[in-house]
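> quick one, structure for this:
(one chain, ligands or ions: 1)
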Amino acid sequence: MVKPKVLIPKQLYDQYEKVRKILEPVADVEFSAMGFGGGDMAKYKEQLAAAEGLFGGGVNEEILKAAPKLKVVANYGVGYDSNDVGAMTRYKVYLTNTPGVLSDAVADLTVALMLAVNRKMIPADAYVRSGGWAKGALGIPYTSDMKGRTIGIVGLGRIGFETAKRCVKGFDMNLIYYDIYQNKKAEAELGAKQKTLEAVMKESDYVVIHTDLNPQTRRMIGDKQLRMMKKTAYIINTARGPIIDQAVLAKVLSEGLIAGAGLDVFDAEPCPANDPILKAPNTVLAPHMASGTQEAREGMAVCNAENVVAVLKGQIPPPNVVPEQRGMIFKK
Ligand code: 8YV
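Next up is the predicted model:
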């Protein structure tokens with residue numbers, strides 16, 4: 001019997017064995033000609049003609065048109081904003097994501113950025129390497145303890161909770177948050193206080209973005225909100241670049257209106273070499289790597305594989321289907 005074809009990106013090489021074991025009983029697994037960073041579109045379209053499942057992101061109408069048999073796209077990540085969900089629903093293709101498995105990894109990197117920017121780790125590293133310390137010069141100015149500071153989380157969901165836990169239980173920080181939903185668990189276990197966005201911007205020593213990107217959160221942190229922040233406060237974003245107005249952030253940092261930023265995500269990715277954010281002072285940057293731990297990446301790949309297998313075995317709707325498609329039944 002011919003098994004349904006499932007395309008997986010070559011970058012999953014490290015997790016391939018685990019993924020293969022889950023997929024192979026029901027599917028014919030093939031490496032996709034399109035990787036996360038691009039690839040051979042013509043070859044990819046040939047593969048798509050027979051594919052019933054695929055891992056990845058960035059699925060749009062062009063891809064859907066080339067894939068008449070496609071039943072499920074397993075987005076490699078929790079944020080699925082790179083896909084055209086409306087088009088997928090029209091084409092009766094499920095979109096699933098990977099909630100939960102990467103929360104620890106993202107929270108770890110968030111805290112790393114908070115510490116790095118506050119404790120001036122990048123200038124400190126350069127200082128030691130350039131021989132400044134050896135020459136007995138003054139060095140790095142005093143910074144501040146984490147203890148007793150206020151973290152304000154914008155979007156207190158699964159990942160936000162993990163960051164909050166680290167900050168409250170590990171550093172003894174105060175926790176406030178802005179979210180359209182109340183997080184009763186965080187309120188009970190971590191003493192979180194729900195506030196307006198304005199209050200979070202004004203009162204936080206660390207504004208930390210953990211919301212997903214959607215039409216309501218796109219550019220939700222603009223000129224007005226950034227100017228509400230304390231001059232001594234930092235902003236950290238490990239969610240999605242377009243939630244913050246990046247051009248304004250670069251300006252506010254250059255004018256010294258806030259103390260610094262830690263960014264793992266950007267308006268355009270990769271961040272163009274001439275983007276003003278690359279010149280902004282007191283800013284620690286990372287190349288969208290928050291989920292880049294062995295554990296998280298394996299969890300994401302396994303979750304993708306399980307979601308695809310569920311659909312191929314007729315379990316519809318599948319687990320981890322995106323909220324926009326919840327309860328929908330697609331038959332092909
Ligand atoms: C990326 C992420 O998907 O889960 C998310 O939302 O942003 C990441 O895990 C991953 O880096 C693959 O590109």
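> count the neighbours of the residue nearest to G132 when sequence neighbours are not counted for me.
Closest residue in space to G132, ignoring its immediate chain neighbours: G139 at 6.6 Å, by Cβ to Cβ, 6 or more residues apart in numbering. For the C-beta atoms, the positions are set from N, CA and C on the backbone; glycine is no exception. Counted with other Cβ atoms under 10 Å, the neighbours of G139 add up to 13.
> wait, isn't G139 in contact with S130?
No - contact criterion Cβ atoms under 8 Å: G139 and S130 do not qualify, at 11.2 Å.
> where's the residue nearest to G132, which helix or strand?
G139 is part of no helix or strand, with elements assigned from DSSP states H and E.
> K251 too?
Following DSSP H and E, one finds K251 within helix 246-254.
> contacts for that helix, please.
Under the criterion Cβ atoms under 8 Å, 6 or more residues apart in numbering, residues 221-223, 226-227, 235, 258, 260-261, 266-267, 275-277, 279-283 lie in contact with helix 246-254.
> how does it look with 10 Å?
Residues from elsewhere that reach helix 246-254 (Cβ atoms under 10 Å, 6 or more residues apart in numbering): 219, 221-227, 229, 235, 237, 241, 245, 257-261, 263, 265-268, 271, 275-283.
> name the residues of that helix that are buried.
By neighbour count with 16 or more other Cβ atoms under 10 Å, helix 246-254 contains the buried residues Q246, V248, L249, A250, K251, V252, L253.
> list buried residues within the contacts of helix 246-254.
Buried subset of those (neighbour count, 16+ other Cβ under 10 Å): 221, 225-226, 229, 235, 237, 241, 245, 258-261, 263, 265-267, 271, 275, 277, 280, 282-283.
> for the residue of the chain found nearest the ligand, give me its contacts.
In the chain, the residue that lies nearest the ligand is G77 (2.3 Å; Cβ to the nearest ligand atom). Neighbour list for G77: 36, 56-57, 97-99, 101-102, 288, 291, 296, 300, 303-304 [criterion: Cβ under 10 Å, 6+ apart].
> which secondary structure state does it sit in?
Of the three states, G77 takes coil under DSSP: H, G, I helix; E, B strand; the rest coil.
> contact partners for the closest residue to E30 other than its chain neighbours?
For E30, ignoring the flanking residues on the chain, the nearest one in space by Cβ to Cβ, 6+ apart is L7 at 5.6 Å. Applying Cβ under 10 Å, 6+ apart, one finds that L7 lies in contact with 27, 29-34, 44, 47-48, 50-56, 67, 70, 73, 308.
> and with 7 Å instead?
The neighbourhood of L7, defined by Cβ atoms under 7 Å, 6 or more residues apart in numbering, consists of E30, S32, Q47, A51, L54.
> helix or strand: which one has it?
For L7, the enclosing helix or strand under DSSP H and E is strand 5-8.
> need the pLDDT of the residue nearest to G132.
Per-residue pLDDT puts G139 at 87.
> list the contacts of it.
For G139, the contacting residues are Y127, G132, W133, by Cβ under 7 Å, 6+ apart.
> let me know the closest of those residues to A188.
The nearest member of the contacts of G139 to A188, counting by Cβ to Cβ, is Y127 at 43.6 Å.
> who's in contact with the strand or helix carrying the closest one?
Assessed by DSSP H and E, Y127 sits inside helix 121-129. Residues outside helix 121-129 that contact it (Cβ under 7 Å, 6+ apart): A116, W133, G139, I140, V284.
> next one: stretch 260-279
Taking Cβ under 7 Å, 6+ apart as the rule, stretch 260-279 contacts 109, 113-114, 116-117, 234-242, 246-247, 249-250, 253, 280, 282-286, 288-290.
> now, these that are in strands?
Counted as lying in strands by DSSP state E, out of the contacts of stretch 260-279, are Y234, I235, I236, N237, T283, V284, L285.
> roughly how far apart are the second one and L253?
Right, the one you point to is I235. Separation of I235 from L253 (Cβ to Cβ, to the nearest Å) stands at 9 Å.
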